[in-house]
Structures are given as C-alpha cells and as structure tokens.
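Participant: return a 3D structure for these sequence lines:
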Amino acid sequence: MTERNRELLGLIPAALLVTAGFAAVFVQRDDVLTDVSLTYGGIFLGLCFVAHLIVRVTLPHADPYLFPLVATLACFGLVILYRLDEDLAREQAQWFVVGLLVFAATIISLRRDVRVLERYRYVIATAGILMLLLPRVPGIGEQVNGAYLGIGIGPISFQPAELAKIAIVIFLASYLRDTRQVLVQGSHRILGVPLPPLKHLGPLLVVWGAAMVLLVFIRDLGSSLMFFGAFLALIYVATNRLSFAVIGLALFALGTWFFASTVGHVQDRVDVWLHPFDDKLYDAPGGSYQMLQSLFAQGDGGLFGRGFGEAIINLPGGGTLLPAAHTDLIYAVIVNELGLVGACGVLLVYLLIVERGFRVATLSSDSFSKLLATGLTAVFALQVFVIVGGVTKLIPLTGVTLPFVSYGGSSIVANFVLLALLLLVSDRARREVKGLR
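Facilitator: Below is the predicted model of the structure:
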C-alpha cells in the first residue's frame, strides 16, 4: 500500500471519532440520537480529504501518519469544545478550515525545496522577534492573566508567539547548519569545553536573551521554556556535544532563578506552584484557585472518568468551578470525563506525532532539513509538556495551549504550518532514501 493510501485510510477513524463524539454529546444533552453527527463527520472527512488530495499531488512520498494523527487530535478537540461551548466549537471549526488553507498554501509554495527558507533566515528571525514584541505595543497588545500573549485588531485576536516559535526554529536550523563545525572545534577551552569565537556565539546568546525577554517583558513562562528547549535540542543535534546543552540549561536555570527572585510576577507564579494551598495565594488575583481546581478535577476523574459530558464546569448558582476549561485546563476536563485511561490515549497520539517527527529528522540527509525537523518536533513536544506539566503541577502553570485540542485559532494555524514543514522535509527525505529525485 502506498504512503498516500495509508494516509487516506488513517483519516477514516478520525471522521468516525467525530461522528461518535457528537452523537455522545447529543445523547448526553437531549437523550436523542440524530443524523446531525453523521453530517459533522462527513464534513470533517470531506475537508481532510481535500487536504489529503493536495498532499497526494504535491508530496507523494511524505510521511503517511502525521496528518491522520493530527486530524484525530483536531476532531477530538472539536468534540470536547462543542461539549463545553457550542459557540467556541463553531469558531474553532472556522479556524480549523483556515488552518487547512494555510497548510495547503505552505505546501504549495515550498513544494520544490523547503531549503529555500535558508536564504531568508535573518529576515525570518527579525520577523519572529518583532512578533514576540507585538503584544506589548500599545493599542493592539492584550493582557490575559498578567501575561502579554495576544494582539487584537478589530474582532480578530491572535497570539503572534505561535508563529514566532516557527520563525526562530527556522533561523536556528539555518544558522547552526553553517556554524556547527566552528562550534564543535572552538578557539579555546574552559573546563574542557570548546568555546567558539564570540562572533559565532552572538546569535545564540541573542536567542537566550530572547527567552529571558519572554520571561520578564512579555511574562510568558511557557513560551520561554519552549523557545529555549528547542534551542538546546538543536544545538545538541548540531554539535553532538552534551556539554553545550548542559551549559545552556544551566544558563536558563540561572536566569530563571534570578528573575524569579527579583521580578514580582515571576515570583508569584513560582509561589503559586510551590504553595498552592496557602490561603493568601488561593484568593489572590492569578492565585492558586485555578491550579487546585485542576488537580481536584483530575482526581475526581479517577481511572476511567465520570463519563463523557459529566464534568461539572459551572456552579449551579453562577460562577465557574473550573476556570479556562476550554483553553488552559482542557486537559483536566479530559481526565475528569475520560479518566486516566482516556488522557493516556490522548498523550499517546502526541507521542506518536513526536516519534514520527524525529523519524523524519533521522531520515533527512542534509543538515538544514535534519535540524529543522528536530526543532519543529521539539517545540511541539515541549508545548504539550508545558501545558500538561502545568495542569498536573509538575511545573508552574502557564497559558500555553494543548495543540489542536485547546481553543485557539493562532495555535491551530501555527501548528498546521509546523505540520506542513514536517511533511515537506519528510517527502524529500523519503524520496532520497528510495533513490528518487
């Protein structure tokens, strides 16, 4: 069976999941089973089929499992959001269509050779840094829960950091491709670690500085961790030196400790994480109420969950029992309704995507493609880790979305671009493995 036929076959379970999910919502709400769920499933399958045709024509040898896995997450997210809020689910469906359009446009525009992005690495890096700073621009910047994450232009709200992470990865992949040998050899050593000339370290130190800016200026702990984590993964793959990753991790830890000790809002996040049951922190703005409700909801779900649609989100007399259930805490809703078993199923899909992404990097023969696939996969994996780790109190809770599941148009669009780039790299890599041009 060809790659594309396997991809098409993999889309069928995703469409069936949409049908079964909406049917379960209708039965839970009205105790009535209608054919509307079949309509939703058909529409979803039709949209994915159109995207599949574009991939079939332009990238016939691309990885056959990435798109069906993403489609499974997207349809699961739509069902969960519809169960929480019908209006949000409709908006998410619109963003899903926009994401597919951007996905197709990315593939068509870069189908000849994704390595053309190397030529514009400094332009792309500059655009990425500017996008990171946009939320602090007066008039368009938006503050949510103390963090400057989005910009608002008319009725449209967008989080530019979602696209900025891809721009930074493209720049790092291109830059490290050219300087990897210089970084490995070094001009002098400190404690046995080869250090390259400062002119080659400069751009890498800028990335570290950008991560610290995110931590303090934009107040985005999650994106800071994602950016720097992707940087460490790339520099390790590029140089094959664990020492660089260890030094980078130490620098990040040192910077985080310094700002957590000197900057108020960073210290507040850490205090909430370390002492969630403190009475003073519980009722404070941006306090531990959200984290504790998340933990209670997950504990209430148990092994097999309360049942789909049974999670208590709002209080009977008004008010919210589980804040931000459609964004930050959607994983807690999943655990509450589907239990640990259902949550592990969702995480397994994410792990499969990460495995396929790193497989693409392994198959790639040229350095830029290998580093690009590694960086994109690392960013995706870290995004899942940051939000799930925050909801489960492994790390401080941040406002990162769960890819393709949480509500958020900018996240869907950016992750579809990420998916398109991975498919572009995989098509070239698999053609070279087969000896095709």
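Participant: tally of neighbours for D268?
Facilitator: As a burial measure, D268 scores 18 neighbours (other Cβ atoms under 10 Å). Any C-beta I mention is one placed from the backbone N, CA and C, and that applies to glycine too.
Participant: next one, pLDDT for it please.
Facilitator: pLDDT, D268: 78.
Participant: after the helix or strand that contains L69, next one along is what?
Facilitator: Using DSSP states H and E, L69 sits within helix 66-84. On the C-terminal side of helix 66-84, the closest following helix or strand by DSSP H and E is helix 86-109.
Participant: who's in contact with that following helix?
Facilitator: Outside helix 86-109, the residues that touch it by Cβ atoms under 8 Å, 6 or more residues apart in numbering are 47-48, 50-51, 54-55, 58-59, 74, 77-78, 81-82, 326, 407-409, 412-413, 415-417, 419-421, 423-424.
Participant: weed out the non-buried ones from these.
Facilitator: Buried members of those, scored by 16 or more other Cβ atoms under 10 Å, are 47-48, 51, 54-55, 58-59, 74, 77-78, 81-82, 326, 407-409, 412-413, 415-417, 419-421, 423-424.
Participant: so which of those residues belong to helices?
Facilitator: 47-48, 51, 54-55, 58, 74, 77-78, 81-82, 409, 412-413, 415-417, 419-421, 423-424 (DSSP state H).
Participant: in contact with L371, which residues?
Facilitator: Counted by Cβ under 8 Å, 6+ apart, L371 has contacts L172, A173, L176, R177, L234, V237, A238, A361.
Participant: same question for R356.
Facilitator: D63, Y65, L66, L69.
Participant: could you do V335 as well?
Facilitator: A297, Q298, G301, G305, G342, A343.
Participant: make it 10 Å
Facilitator: For V335, the contacting residues are 294, 297-302, 305-306, 311, 329, 341-344, 346, 388, 391-392, by Cβ atoms under 10 Å, 6 or more residues apart in numbering.
Participant: next one: F296
Facilitator: Contacts for F296 (Cβ under 10 Å, 6+ apart) come out as L321, L322, A332, N336.
Participant: any idea how far the second one is from L338?
Facilitator: Remark: distance between L322 and L338 (Cβ to Cβ, to the nearest Å) = 15 Å.
Participant: A125 too?
Facilitator: For A125 relative to L338 (Cβ to Cβ), the value is 41 Å.
Participant: can you check S37 too?
Facilitator: Distance, S37 to L338, by Cβ to Cβ: 18 Å.
Participant: quick one: average confidence on stretch 41-48?
Facilitator: 89.
Participant: before we move on, what SS does S365 have?
Facilitator: Look at S365: counting by DSSP: H, G, I helix; E, B strand; the rest coil, its state is coil.
Participant: and for D63?
Facilitator: Going by three-state DSSP: D63 is coil.
Participant: burial measure for it, as a count.
Facilitator: 25.
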